[in-house]
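In: below: sequence and its predicted model.
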Amino acid sequence: MHKSPLHDIHIEQGAKLIDFAGWHMPVHYRGINEEHVHTRTKCSIFDVSHMGRIRIQGTGAQPFLQHICTRDLDDTQVGQNKYSHICNEQGGVIDDVIVGRYKKHWYVVCNASNRESVLEWMNRHCESHAVKIVDETFETAMLAIQGPKAIGFVEDAFGLDIKSLKRYWALTGSYFGMQYTIARSGYTGEDGVEAIVPASAVGLLVPLLLGGADREDNVCMLAGLAARDTLRLEAGMPLYGHELSLEWDSLTAGQGWCVDLSKDFIGAAALREIKAGQPTQKLVGLELDGKRIAREGYPILKDSRPAGKITSGTMSPTLGKSIAMGFVETEFSEPGTELEIDLGRKTNPARVVPLPFYKRPKSN
């Protein structure tokens, strides 16, 4: 099992560690709700070093990524990142990734569970392109600092101008000899950054952050993967293995905005056919009556007959409601549609609601 470069710090901080996609990672430290609320109101540090980090170098890097990614990358500027899917020939999602362009290379961040699959797919399709593919996952670490106070906190800690950095743009530099990449992105519905730094340096960096600005106010604390999951669900963000998989195409999964069917890429032909025929199912948000939680795989019913399945569900700490996402037959996907969730011993009323469930206040 792989260990994050922050493994010793997780143990020192009393984290509950679990096996996550072959990594020993913190699921929580103080409690899921507490870490969730702290992120929504202040800011938290998430260790996301388990995510794959792949450098693409060479003159063929851009056309290669244009060939395997659903997003149009031709107009990507230096310092810009884009969310994209990598699909198979049938339009099934191999992974959802962040693709970034830098002065001398491109960078792909993928899910931990799919790193080997993405690397295998890249190596299979790179032969006609002049590229070098380098897996930097184990020589680097990745931190997500998220929350309404995250930008000010990072600026105070490192003296960097983050406020002027646009969403999904990144800057690179050196801090006391430590090379870093900081992107204004995240997976919580809040503002924040994700930083890639050398694995050898992160053990010193995190204690500096935890003991830095506003220490008495505990403005920034560690949070685990469980809170990251409830935060992303409130924000209506898909999670691979739940809302995204080889079983579902990008359009059915409600991610058509990151698919450019005017260009050719692996899976484009299949996705054009799906769009022309209209997807038979659609990913929707659901709000349940009461406090019961709809778990992954629970059947969704309409008038007592099967209409879909739950992909993710939780009791929202921010909204105080039971929320879920799931695929339903397209005819039942309009907001306001009354449905039921089969919880096993009984059914529970639910209704389709717009995604996301939560949007951060504009003042943040």
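Out: That came in fine, so what should we check first?

In: all contacts plus neighbour counts: C-alpha atoms, from now on.
Out: Fine.

In: helix, strand or coil for the residue most central in space within the chain?
Out: Centroid check for the chain by CA atoms, centre = their mean gives Tyr187 as the closest residue, at 4.8 Å. Judged by DSSP: H, G, I helix; E, B strand; the rest coil, the three-state class of Tyr187 is coil.

In: contacts only, for it.
Out: Neighbouring residues of Tyr187 by CA atoms under 8 Å, 6 or more residues apart in numbering: 228, 231-232, 237.

In: got CSV for those residues, with neighbour count, pLDDT and distance to Lys82 too?
Out: Output for the contacts of Tyr187, formatted as CSV (neighbours: other CA atoms under 10 Å; pLDDT from 0 to 100; distance: CA to CA, whole Å):
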residue, neighbour count, pLDDT, distance to Lys82
Arg228, 21, 98, 21
Leu231, 25, 98, 21
Arg232, 20, 98, 18
Met237, 19, 97, 15
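
In: let's see which of those end up in helices.
Out: Using DSSP state H, the subset of the contacts of Tyr187 located in helices is 228, 231-232.

In: and these, which is closest to His10?
Out: Arg228 (15.8 Å; CA to CA).

In: separation between the closest one and Ala61?
Out: Relative to Ala61, Arg228 is positioned 32 Å away (CA to CA, to the nearest Å).

In: what's opposite Met142 in the beta bridge?
Out: Ile196 (DSSP bridges).

In: and Arg272, that's in a strand?
Out: No - assignment of Arg272 by three-state DSSP gives helix, placing it outside any strand.

In: helix or strand for the nearest residue to Pro26 once chain neighbours are set aside, just tell me which one.
Out: Leaving out its chain neighbours, the residue that sits closest to Pro26 by CA to CA, 6 or more residues apart in numbering is Leu17, at 4.4 Å. Using DSSP states H and E, Leu17 sits in strand 16-20.

In: check which element follows that strand along the chain.
Out: By DSSP H and E, the next helix or strand past strand 16-20 is strand 23-28.

In: what's next to that following strand, contact-wise?
Out: Applying CA under 8 Å, 6+ apart, the external contacts of strand 23-28 come out as 1-4, 7, 10, 15-19, 35, 50, 223-227.

In: let's see 10 Å
Out: Surrounding strand 23-28, the residues in contact under the criterion CA atoms under 10 Å, 6 or more residues apart in numbering are 1-4, 6-7, 10-11, 13-20, 34-35, 46-51, 112-113, 222-229.

In: give me the angle between that strand and strand 16-20.
Out: Relative orientation of strand 23-28 and strand 16-20, computed by axes from the mean of the first three to the mean of the last three CA atoms, to 10 degrees: 140 degrees.

In: what is the mean pLDDT for strand 23-28?
Out: Averaging pLDDT along strand 23-28 yields 98.

In: just the strands in the stretch 101-250 of the chain please.
Out: Assigned strands in the stretch 101-250 of the chain, in chain order: 106-110, 132-135, 140-146, 170-175, 178-183, 192-198, 220-223 (criterion: DSSP state E, counting those that start in this stretch).

In: tabulate those strands (TSV), appending mean neighbour count.
Out: Formatted as TSV, the strands of the stretch 101-250 of the chain follow (neighbours: other CA atoms under 10 Å):
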stretch	mean neighbour count
strand 106-110	21
strand 132-135	15
strand 140-146	26
strand 170-175	14
strand 178-183	18
strand 192-198	22
strand 220-223	24
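
In: possible to save these as CSV with mean pLDDT?
Out: Listed next are the strands of the stretch 101-250 of the chain as CSV, based on pLDDT from 0 to 100:
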stretch, mean pLDDT
strand 106-110, 98
strand 132-135, 98
strand 140-146, 98
strand 170-175, 93
strand 178-183, 95
strand 192-198, 98
strand 220-223, 96
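
In: closest one to Gln255 among the ones you listed?
Out: Among those, the nearest to Gln255 by CA to CA is strand 106-110 (16.5 Å).

In: distance from that closest one to the middle of the chain?
Out: 13 Å (CA atoms, centre = their mean, to the nearest Å).

In: what is that strand packed up against?
Out: Applying 3 or more CA pairs under 10 Å, 6 or more residues apart in numbering; DSSP states H and E, one finds that strand 106-110 makes contact with strand 52-57, helix 61-68, strand 81-87, strand 93-101, helix 115-125, strand 132-135.

In: may I have it as PDB, with CA atoms only?
Out: Extracted C-alpha coordinates of strand 106-110, given in PDB (Å, rounded to 0.1, in the frame of the first residue of the first chain):
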ATOM      1  CA  TRP A 106       1.700  19.900 -20.100                       C
ATOM      2  CA  TYR A 107       0.400  18.400 -16.900                       C
ATOM      3  CA  VAL A 108      -2.500  15.900 -16.200                       C
ATOM      4  CA  VAL A 109      -3.900  15.300 -12.800                       C
ATOM      5  CA  CYS A 110      -6.100  12.200 -12.600                       C
END
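
In: that strand pairs with which strands?
Out: strand 52-57 (antiparallel), strand 93-101 (antiparallel).

In: what is Ile54 paired to in the beta sheet?
Out: In this entry, Ile54 is beta-bridged to Val108, Asp135, by DSSP bridges.

In: touching, it and Ile133? I think so.
Out: Yes - if you go by CA atoms under 10 Å, Ile54 and Ile133 touch, sitting 6.9 Å apart.

In: I am finished for the moment; much appreciated.
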